[in-house]
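Asks: need the 3D shape of this:
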Amino acid sequence: MSTTTELLRENDLPTHASVEPEHEPPVTVITRRPGWQIVDFAELWRYRELLYFLTWRDVKVRYKQTVLGAAWAIIQPLATMVVFSLFLGRVAAEASSGIPYPLFVLAGLVPWTFFSNAMSTAGQSVVGNQNLVTKVYFPRLFIPMGAVGAGAVDFVISFGLVLLAMLCFGMLPGWNILLVPLLFLGLMIAALGVGTLLSALTVAYRDFRYVVPFMVQLWMFATPSIYLQADSELGSLSHLVLPLNPAYGLIANFRVAVLGGNFDFYSLAVSGAVSLIFLVVGCLYFRRVERSFADII
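Replies: I've put the predicted structure just below:
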């Protein structure tokens with residue numbers, strides 16, 4: 001019986017049976033990049049969808065299991081504005097040029113809060129994603145970029161608070177407000193440049209995680225976020241030196257774009273150029289050392 005079954009099985013086979021070769025799995029070859037290269041734009045474009053998911057993940061993690069959720073993006077600059085208005089309102093009211101001091105402070109604190117938070121979060125982003133870095137290959141530059149992108153979501157929410165405060169104080173935005181997106185782009189470039197450099201340095205030198213919060217506190221008082229730094233009080237040299245702080249010219253002109261006034265094109269040009277320099281240097285150093293992240297993180 002078994003012999004008959006075997007013969008039937010043999011007869012069922014076609015006379016000219018062809019065996020197709022099995023499909024080999026795709027092979028991805030990761031080659032060593034040139035030593036000093038700013039950005040591989042082709043690679044970033046190929047993985048562009050990943051940037052969206054990393055940004056959205058950072059947004060969800062930030063407000064996961066919170067009582068107030070995205071309202072924290074409003075509470076932080078609002079609470080800071082109340083504190084400075086109570087303690088510095090009378091002293092710094094003259095520097096506000098006739099604008100209500102709470103509104104004057106809020107228009108400077110909103111961009112500063114974005115810059116400081118985005119820079120700090122980006123600086124800690126690579127170390128905070130060590131499990132992802134050591135297991136999956138993707139453009140590592142997306143990690144600090146995603147952190148800055150998540151901060152942009154907070155900025156959009158908090159900027160609505162500025163517009164609402166203007167209506168409460170009886171002020172309407174002028175044509176200058178059309179320049180807000182351009183100035184915000186400059187702040188994003190500055191935050192990404194400094195944050196990318198700090199993220200690479202933090203991987204190799206862990207004490208940078210303690211340096212950054214202290215640096216941000218000092219940086220705030222070198223930036224006209226809560227007051228105007230007049231040349232008559234600090235000297236004419238200050239007008240030449242202070243814009244070397246990338247946040248100085250961007251935030252000062254951001255306030256002018258929102259509340260009106262005369263733009264300081266010198267400080268805007270210098271701070272914008274310094275922001276681009278930080279971005280180039282940060283990306284160069286990041287690309288130089290990123291291949292060692294998985295070994296030392």
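Asks: gap between residue 261 and residue 217?
Replies: To residue 217, residue 261 is 28 Å away according to C-beta to C-beta, to the nearest Å. Every C-beta, even on glycine, is put in place using the N, C-alpha and C of the backbone.
Asks: which one of those two is surrounded by more residues?
Replies: More neighbours surround residue 261 than the other of residue 261 and residue 217, with 15 against 10 (other C-beta atoms under 10 Å).
Asks: list the contacts of residue 63.
Replies: 69-70, 72 (C-beta atoms under 8 Å, 6 or more residues apart in numbering).
Asks: rerun that using 10 Å as the cut-off
Replies: Contacts for residue 63 (C-beta atoms under 10 Å, 6 or more residues apart in numbering) come out as 69-73, 153-154.
Asks: tell me the phi and psi of residue 173?
Replies: phi -70, psi 150 (degrees, to the nearest 10).
Asks: against residue 265, how distant is it?
Replies: 20 Å.
Asks: which one's more surrounded, those two?
Replies: Using other C-beta under 10 Å as the criterion, residue 173 and residue 265 rank with residue 173 on top: 16 against 10.
Asks: distance of that one relative to residue 181?
Replies: Distance, residue 173 to residue 181, by C-beta to C-beta: 13 Å.
Asks: list residues touching both of the two?
Replies: residue 257.
Asks: so which strand or helix has the spatially most central residue of the chain?
Replies: In the chain, the centroid-proximal residue (C-alpha atoms, centre = their mean) is residue 148; its distance is 1.7 Å. For residue 148, the host element (DSSP states H and E) is helix 142-168.
Asks: could you list the low-pLDDT ranges of the stretch 101-250 of the chain?
Replies: Scanning the stretch 101-250 of the chain for pLDDT under 70 picks out 228-237.
Asks: switch to 50 and redo it
Replies: Across the stretch 101-250 of the chain, the ranges flagged by pLDDT under 50 are 231-232.
Asks: helices of that one, residue ranges please.
Replies: Secondary structure of the stretch 101-250 of the chain (DSSP state H, counting those that start in this stretch): helices at 101-123, 125-128, 130-135, 142-168, 180-204, 208-221, 231-234, 236-241, 246-259.
Asks: of all those, which one comes closest to residue 280?
Replies: helix 180-204 (7.5 Å; C-beta to C-beta).
Asks: tell me which residues of that closest one are tucked away?
Replies: Buried positions in helix 180-204, judged by neighbour count with 16 or more other C-beta atoms under 10 Å: 180, 183-184, 186-203.
Asks: and that helix, what does it pack onto?
Replies: Counting contacts by 3 or more C-beta pairs under 10 Å, 6 or more residues apart in numbering; DSSP states H and E, helix 180-204 is packed against helix 101-123, helix 125-128, helix 142-168, helix 208-221, helix 246-259, helix 265-289, helix 293-296.
Asks: how far off centre is the third one?
Replies: Spelled out, it's helix 142-168. Helix 142-168 sits 11 Å away from the centroid of its parent chain (C-alpha atoms, centre = their mean, to the nearest Å).
Asks: now do the first one
Replies: Between the centre of helix 101-123 and the centre of its host chain there is 12 Å, according to C-alpha atoms, centre = their mean.
Asks: could you export it as PDB, CA atoms only?
Replies: Extracted C-alpha coordinates of helix 101-123, given in PDB (Å, rounded to 0.1, in the frame of the first residue of the first chain):
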ATOM      1  CA  TYR A 101       4.700  96.000  31.500                       C
ATOM      2  CA  PRO A 102       2.900  92.700  31.900                       C
ATOM      3  CA  LEU A 103       2.400  92.600  28.200                       C
ATOM      4  CA  PHE A 104       5.900  93.800  27.600                       C
ATOM      5  CA  VAL A 105       7.300  91.000  29.700                       C
ATOM      6  CA  LEU A 106       5.000  88.300  28.200                       C
ATOM      7  CA  ALA A 107       6.100  89.200  24.600                       C
ATOM      8  CA  GLY A 108       9.700  88.500  25.600                       C
ATOM      9  CA  LEU A 109       9.100  85.500  27.800                       C
ATOM     10  CA  VAL A 110       7.200  83.500  25.300                       C
ATOM     11  CA  PRO A 111      10.100  83.300  22.700                       C
ATOM     12  CA  TRP A 112      12.600  83.000  25.500                       C
ATOM     13  CA  THR A 113      10.700  80.100  27.100                       C
ATOM     14  CA  PHE A 114      10.700  78.300  23.700                       C
ATOM     15  CA  PHE A 115      14.400  78.900  23.100                       C
ATOM     16  CA  SER A 116      15.600  77.800  26.600                       C
ATOM     17  CA  ASN A 117      13.300  74.800  26.800                       C
ATOM     18  CA  ALA A 118      14.100  73.600  23.200                       C
ATOM     19  CA  MET A 119      17.800  74.100  23.700                       C
ATOM     20  CA  SER A 120      17.900  72.300  27.100                       C
ATOM     21  CA  THR A 121      15.700  69.400  25.900                       C
ATOM     22  CA  ALA A 122      17.700  69.000  22.700                       C
ATOM     23  CA  GLY A 123      20.900  69.000  24.700                       C
END
